[in-house]
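# Based on what follows, work out the 3D shape:
(2 chains)
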Number of protein chains: 2
Amino acid sequence: MLQSKLFSKTSKDISKDEASLNAQFLIKAGFVDKLAAGVYSILPLGWRVIRKIENIIREEMDIAGGQEIFMPTLHPRKNWEKTGRWESMGEDLYKLEADNDAKLILGPTHEEVLVPLAKKFINSYKDLPQHVYQFQNKFRREKRVKSGILRTREFLMKDLYSFHADQEDLDNYYEKIKEVYRKIFQRCGIGDKTYLTYASGGTFAKYSHEFQALTPAGEDLIYVCDKCKVAINKEILNDQKNKCPECGNSQLEEKKAVEVGNIFKLGVKFSEPFDLFYSKKDGEKQLAVMGCYGIGIQRLMGAIVEVKNDEQGIIWPMAVAPFRVHLLELDPRDAQIKENAKNLYQTLQEKGVEVLWDDREDKLAGAKFADCDLIGIPYRVVISQKTFKEGKYEIKKREEKEGQLVNLEELLKIVTVK
Amino acid sequence: MLQSKLFSKTSKDISKDEASLNAQFLIKAGFVDKLAAGVYSILPLGWRVIRKIENIIREEMDIAGGQEIFMPTLHPRKNWEKTGRWESMGEDLYKLEADNDAKLILGPTHEEVLVPLAKKFINSYKDLPQHVYQFQNKFRREKRVKSGILRTREFLMKDLYSFHADQEDLDNYYEKIKEVYRKIFQRCGIGDKTYLTYASGGTFAKYSHEFQALTPAGEDLIYVCDKCKVAINKEILNDQKNKCPECGNSQLEEKKAVEVGNIFKLGVKFSEPFDLFYSKKDGEKQLAVMGCYGIGIQRLMGAIVEVKNDEQGIIWPMAVAPFRVHLLELDPRDAQIKENAKNLYQTLQEKGVEVLWDDREDKLAGAKFADCDLIGIPYRVVISQKTFKEGKYEIKKREEKEGQLVNLEELLKIVTVK
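The predicted structure follows:
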């Protein structure tokens, strides 16, 4: 991609009401744009990140037996009355104007749509288990929105739901998804900062689990057990008598964190109101048992930014970076330099390396370096009079201070490593 | 995919209020499910089709220089007041309840979000042209919904918007997108039934153009010129004096059709209210000129079903079929047959061929054949006592009456052809 053609531009100054670091960097660098309080557009750079995150999650969901579907945003009010969440979540629901269609709300989650749908297909023990997931916008009437894209009113979620014949099958699948989630956050580059965190389990389980990424920007307080590499959410700390639920360790460390995923044993909470019964082998009717497993996609992007940055900007992990190489030509009006940059750009693309080429002719070197650090692509490759004369390229990793001069072969070797 | 594990099932009887053929087949075969009037969930089979359509469109958009973004569903009312569409489209807009947030509506299209966004980045002639697109849900308060998934209240759209320095640049890009659209409908398998159709151009152009797919289920009447292979929408037939705008032919044939895409020269209709000026080379300020280009994704899926079917069910074009091969084992309780089917299933998957394997043990041959025709996957491969004894497989194309017995090598050759 030629940076001169990129739809977005970097900007130095943004609205002062964007206090959070993730929104500051993402807006300045041109990854997202704020349309209204808690409502953001995702721009080309940001959408490339989102799609990479989505693809990582999709691969892992498919391996875990998930089948992808796509449920609507408009939900019938009567489904929400049936589960009691029309009342209990009433404050959080966006409702349509009465003259328009008072019978519809905007879905903040999808149990109320999926369970009656599953009832059409699940009749017998032979139809279980089932695991379906989607990537779909959710809507919540957050009273206060802060924290940039970490907590918004409209947000993309991956939500997986599982249906089981009994508690044991749910328990096994739940443990499997724990590992799948660890792998997802690992692949997204924040595995070492993300803790499986014990939280309240509701009616049907002792615990639910959150995946909390450590960052000073986090809204949650968690208590980390350094022995087990797990944490406890503040809400159950008292019940746990301030001890690690796995090893009993009471030397827990308080940390700020942001929840990037959660998994929850729903039991029969939703199969009951919708009569989701199935026939057992002996013909007896029994309620299906459910689990649900969420990841907020924009929030994960925001959390990655909060965890991976320095004063100059973002430091994208390789697997979710919008491009792998940021190619800077420092003397773009010199025909030889231009030619050299163009050849390298083409060579890299032929090798399947995604490149953002800063071909802008009206920017000085300082501005190009600053934008490059702000945008945060893993490899910076510089072509200048100096490198050209030596027949080399200067390559530098985003998180390193010093670059090195390499020839084309060495360069290709570095940037094509998986 | 094992059919015994598939989330959806086929059903014989569906609600009688689904009069349209596309909804009948898509619901019976388990591609979609109706949640409320004009609101559908997309199930795993349907989502595989949608993702294939999306990928074809995405590839063509990227070739046409499009940059993918993702804009919100929640739109500030003030943006819509600015363009006058708060009034002019008022009846079609879903509005949020006053107690919730009377300042927000659900986006039926995205000019009101994109143009103020583009204004942040487009300042100079050097910043033009720009082409951005998205796949995003749209919401329209259709008073009557019929025609299954052809006209719904919530629907996925691909919308591309272009920004140009002058009319000539818009005109050139518009002609380019005409060809891109022809290619998209060709790749989706309905190119020969889809006509470029002259329609009203609004304020800024003599014509806009629709892409209309011929089907008796169509809500539109178009008049086809068989010489030029173009058509005229009824709304401008009088203005055209019943003649083809390209060759003057007055022997036009009236046909029913469904609009699967449209392209429109917006001119300065939206750049004006949002003051989207840019500086020309000489410093003079000028309004950017715009075009917009839409394709309804579920509608395209529905139109393909309307065009490609027989009495038994859907006949998916290869490029958008949910799977390439439907593998039927007719004696699944025979261990040898099961083994034979399993081996073929694995071999096909290793070759990258997508297979739905009807491994259901509780279904008789007749039910499997009927489901196979209903679902409409391009190749049916049957394994039975008879084929197994001969060391062969029976392969039949969905649209053909008779199958043929082939050995493994011949089978692989047939199903791996691009």
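# who does the helix or strand where residue A:266 lies pair up with?
Following DSSP states H and E, one finds residue A:266 within strand A:253-267. Paired strands of strand A:253-267, with direction, are strand A:207-214 (antiparallel), strand A:220-225 (antiparallel), strand A:289-296 (antiparallel) (DSSP bridges).
# Using CSV, list the CA coordinates for the second one.
Backbone C-alpha positions of strand A:220-225 (Å, rounded to 0.1, in the frame of the first residue of the first chain) are rendered in CSV as follows:
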residue,chain,number,x,y,z
ASP,A,220,-10.7,-3.9,36.8
LEU,A,221,-8.6,-4.8,39.9
ILE,A,222,-7.3,-8.3,39.9
TYR,A,223,-5.2,-10.2,42.4
VAL,A,224,-2.4,-12.2,40.8
CYS,A,225,-0.9,-15.4,42.1
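# Could I get the average pLDDT for it?
What strand A:220-225 shows for mean pLDDT is 95.
# Centre of the chain to it, how far?
Distance, stretch centre to chain centre, for strand A:220-225: 20 Å (CA atoms, centre = their mean, to the nearest Å).
# which residues touch that strand?
A:195, A:197, A:210, A:212, A:214, A:230-234, A:237, A:242, A:244, A:246-247, A:249, A:251-259 (CB atoms under 8 Å, 6 or more residues apart in numbering or on different chains). (Each C-beta comes from the backbone N, C-alpha and C, glycine too.)
# Buried ones from those, can you make that a ChimeraX selection?
In ChimeraX, this line selects whichever of the contacts of strand A:220-225 come out buried by 16 or more other CB atoms under 10 Å in any protein chain shown:
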select /A:195,197,210,212,214,230,231,232,233,237,244,252,255,257,258,259
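# what's the helix or strand of chain A with the lowest mean pLDDT packed up against?
Counting by mean pLDDT, DSSP states H and E, chain A has its least confident helix or strand at helix A:98-101, which shows a mean of 74. Counting by 3 or more CB pairs under 8 Å, 6 or more residues apart in numbering or on different chains; DSSP states H and E, the packing neighbours recorded for helix A:98-101 are strand B:94-95.
# Note down every partner strand of the strand it packs on and its orientation.
strand B:104-106 (antiparallel).
# Would you mind listing the buried residues in the partner strand?
Per 16+ other CB under 10 Å, strand B:104-106 contains these buried residues: B:104-106.
# Neighbours of residue A:224, how many?
Counted with other CB atoms under 10 Å in any protein chain shown, residues neighbouring residue A:224 total 21.
# That one pairs with what?
residue A:231, residue A:253.
# what do you get for residue A:279?
Here residue A:279, judged by DSSP bridges, has bridge partners residue A:124, residue A:285.
# Quick check: residues of the stretch 51-200 of chain A near chain B?
Neighbours of chain B within the stretch 51-200 of chain A, by CB under 8 Å from any CB of the partner chain: A:51, A:65, A:67-76, A:93-104, A:106, A:113, A:117-118, A:120-121, A:126, A:130, A:132, A:137, A:139, A:141, A:153-154, A:156.
# quick one: contacts for residue A:56?
Residue A:56 touches A:184, A:187-188, A:319-320, counting by CB under 8 Å, 6+ apart.
# Direction-wise, compare the host helix or strand of it with helix B:44-63 and give the angle.
Assigned by DSSP H and E, residue A:56 belongs to helix A:44-63. Following axes from the mean of the first three to the mean of the last three CA atoms, to 10 degrees, one obtains 150 degrees for the angle between helix A:44-63 and helix B:44-63.
# so what's the backbone phi/psi at residue A:354?
In terms of degrees, to the nearest 10, the main-chain angles of residue A:354 are phi -80, psi 130.
# Just list the residues touching it, thanks.
By CB under 8 Å, 6+ apart, the neighbours of residue A:354 are A:322-325.
# mind checking how far it is from residue A:416?
Applying CB to CB, to the nearest Å, the value for residue A:354 to residue A:416 is 11 Å.
# Helices of chain A, start to end?
A:21-28, A:44-63, A:77-83, A:85-88, A:98-101, A:111-119, A:167-187, A:297-307, A:335-350, A:365-375, A:385-390, A:408-415 (DSSP state H).
# Confidence-wise, which of those helices is weakest overall?
Lowest mean pLDDT within those: helix A:98-101, at a mean of 74.
# What residues sit buried inside that helix?
Residues of helix A:98-101 classed as buried by neighbour count (16+ other CB under 10 Å): A:100-101.
# what comes into contact with it?
With CB under 8 Å, 6+ apart as the contact definition, helix A:98-101 has outside contacts at B:93-95, B:97, B:141.
# ok, now stretch A:229-249?
A:195-200, A:207, A:210, A:212, A:220-225, A:227-228, A:250, A:252, A:255, A:257.
# again, only using 7 Å
Outside stretch A:229-249, the residues that touch it by CB atoms under 7 Å, 6 or more residues apart in numbering or on different chains are A:195-200, A:210, A:212, A:220-225, A:227-228, A:250, A:252.
# Then stretch A:333-351?
A:325, A:327, A:329, A:331-332, A:355, A:357, A:361, A:383, A:385, A:388, A:393, A:412, A:415-416.
# at 10 Å what do you get?
If you take CB atoms under 10 Å, 6 or more residues apart in numbering or on different chains as the criterion, stretch A:333-351 is touched by A:1-2, A:323-325, A:327-332, A:353-359, A:361-362, A:381-385, A:387-389, A:391, A:393, A:408, A:411-412, A:415-416.
# For ChimeraX, write the select line for the buried members of these.
A single ChimeraX command selects the buried members of the contacts of stretch A:333-351 (16+ other CB under 10 Å):
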select /A:1,323,324,325,327,328,329,330,331,332,353,354,355,356,357,358,359,381,382,383,384,387,388,393,411,412,415
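# overlap in contacts of residue A:354 and residue A:416?
A:324, A:348.
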